[in-house]
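S.K.: okay, sequence plus prediction incoming.
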Amino acid sequence: MEPVIIDQVQKELDRFAQKEVYIHLETTNGAYASHFDESFFSSGAYIRNALLQYEHGKITGNGPFRVGLKMSFGWVYAEGITHFEVDNKGRLLLAGHDFSGKLAVSLQLSEQPF
Amino acid sequence: MEKERHVLVVFPHPDDEAFGVSGTIASYTKSGVPVTYACLTLGEMGRNMGNPPFATRESLPHIRKKELQDAANVLGINDLRMLGYRDKTVEFENEAVLAAHMGSIIKEVKPSLIITFYPGYAVHPDHDACGAAVIKAVKDMPENKRPKVHCVAFSNNCEEEIGQADVVNNVSEVADLKVAAIKAHVSQTQLMAAEMEEQLKNQDPAVMARIHNERFWTYKF
């Protein structure tokens, strides 16, 4: 992956707009957060291969970035995005890594199921 | 260490075998005891991607699968089974179906000893669910057919609730293999492995004790 280049990510978001796409969306602080720090409130969410269609998608912010997808009857968004990659299957992989390189958030789009 | 006929290790993630158990595994394989390792997932949801990142959410399972195979080779495990569950979803599987799957492996392998996590005292939900499925599978067997089960526990409250470990294996003779197994999971351990080697070189007593002694709780049915 490489650090976000906002114009390139925007082009990719446009490429997937208005067609059926599979979404992977995840936030995580890791399963051990509360083990190492009992005062830490552990939380996260995960959805893999939700099939949806969005009208338009946008990346904003000065980095880390925010990405939102507007649907005809709802929204998808992720914040904390630092890196992107279009992999060899043409999928758009967006991820936010913390300062130690640990994944904290990920939003991925694909025309085929992940 | 007691002599075994066949050891079955059941953990949910590549690298679960490395930290607390790899010395025990290496000791068995070295003395000619066959070890089967059933690993439920490929650690697909690991968070360590490096800085700059060397992996993506999609490439990580391929990397970790190779690391798991490398670690198994280091430890002399010649029966490695990857069961195809997905990281962080084990606790959401149907418990009876999962336990039946574990039961079918136990029935086929016929181990004299099973090593798994102590359900309720193993911190990660996948660890607890994996241990619970194995315990249920063994519980469902006739009493005289049940293998021994040695459990790994490390939650902050474990000693308070289940007491001290009753099996402590000194694995100092195979410490080099243990370090090599930990290092095989390079995507997960590169930072701590270097630090650990340094501490071992300096004979840091706390680290030496952690590396050289592996603790288990015999499950009482």
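M.R.: Structure's in. What do you need?
S.K.: can you classify whichever residue of chain B sits closest to chain A as helix, strand or coil?
M.R.: Nearest residue of chain B to chain A: residue B:51, at 3.3 Å (C-beta to the nearest C-beta). For every residue, glycine as well, the C-beta is placed using N, CA and C. Secondary structure assignment for residue B:51 (DSSP: H, G, I helix; E, B strand; the rest coil): coil.
S.K.: show me which helix or strand of chain B is least confident by mean pLDDT.
M.R.: helix B:186-201 (a mean of 83; mean pLDDT, DSSP states H and E).
S.K.: so for whichever helix or strand comes after that one, mean pLDDT?
M.R.: As assigned by DSSP states H and E, the chain's next helix or strand after helix B:186-201 is helix B:205-212. Average pLDDT, helix B:205-212: 86.
S.K.: list of residues touching helix B:205-212?
M.R.: Helix B:205-212 is touched from outside by B:23, B:170-172, B:175, B:178-179, B:196, B:199-200, with contacts defined as C-beta atoms under 8 Å, 6 or more residues apart in numbering or on different chains.
S.K.: kindly give a single PyMOL line that selects the buried subset of those residues.
M.R.: In PyMOL, this line selects whichever of these come out buried by 16 or more other C-beta atoms under 10 Å in any protein chain shown:
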select buried, chain B and resi 23+171+175+178+179+196+199+200
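S.K.: can you put the contacts of helix B:205-212 in JSON lines and add distance to chain A?
M.R.: Formatted as JSON lines, these follow (distance: C-beta to the nearest C-beta, whole Å):
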{"residue": "B:23", "distance to chain A": "22"}
{"residue": "B:170", "distance to chain A": "26"}
{"residue": "B:171", "distance to chain A": "24"}
{"residue": "B:172", "distance to chain A": "27"}
{"residue": "B:175", "distance to chain A": "25"}
{"residue": "B:178", "distance to chain A": "21"}
{"residue": "B:179", "distance to chain A": "22"}
{"residue": "B:196", "distance to chain A": "17"}
{"residue": "B:199", "distance to chain A": "19"}
{"residue": "B:200", "distance to chain A": "22"}
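S.K.: would you map the strands across chain B?
M.R.: B:7-11, B:35-39, B:79-82, B:113-117, B:148-152, B:167-170, B:213-218 (DSSP state E).
S.K.: let's verify the residue nearest to residue A:23 when sequence neighbours are not counted: helix, strand, or coil?
M.R.: Leaving aside its chain neighbours, residue A:23 sits nearest to residue A:50 (4.7 Å; criterion: C-beta to C-beta, 6 or more residues apart in numbering or on different chains). What three-state DSSP gives for residue A:50 is strand.
S.K.: same deal with residue A:77?
M.R.: Three-state call for residue A:77 (three-state DSSP): strand.
S.K.: output the lowest mean pLDDT helix or strand found in chain A.
M.R.: Least confident element among the helices and strands of chain A, by mean pLDDT, DSSP H and E: helix A:33-36 (a mean of 78).
S.K.: what sits against whichever residue of chain A sits closest to chain B?
M.R.: Ranked by C-beta to the nearest C-beta, the top residue of chain A for proximity to chain B is residue A:101, at 3.3 Å. Shown in contact with residue A:101 (C-beta under 8 Å, 6+ apart): B:48-53.
S.K.: which positions in the lengthiest helix in chain A come out as buried?
M.R.: The longest helix of chain A (DSSP state H) is helix A:6-16. In terms of neighbour count (16+ other C-beta under 10 Å), helix A:6-16 has its buried residues at A:9, A:12-13, A:16.
S.K.: re the thing from before, which residues does the least confident helix or strand of chain A contact?
M.R.: Helix A:33-36 is contacted from outside by A:40-42, B:123, B:155-156, using C-beta under 8 Å, 6+ apart.
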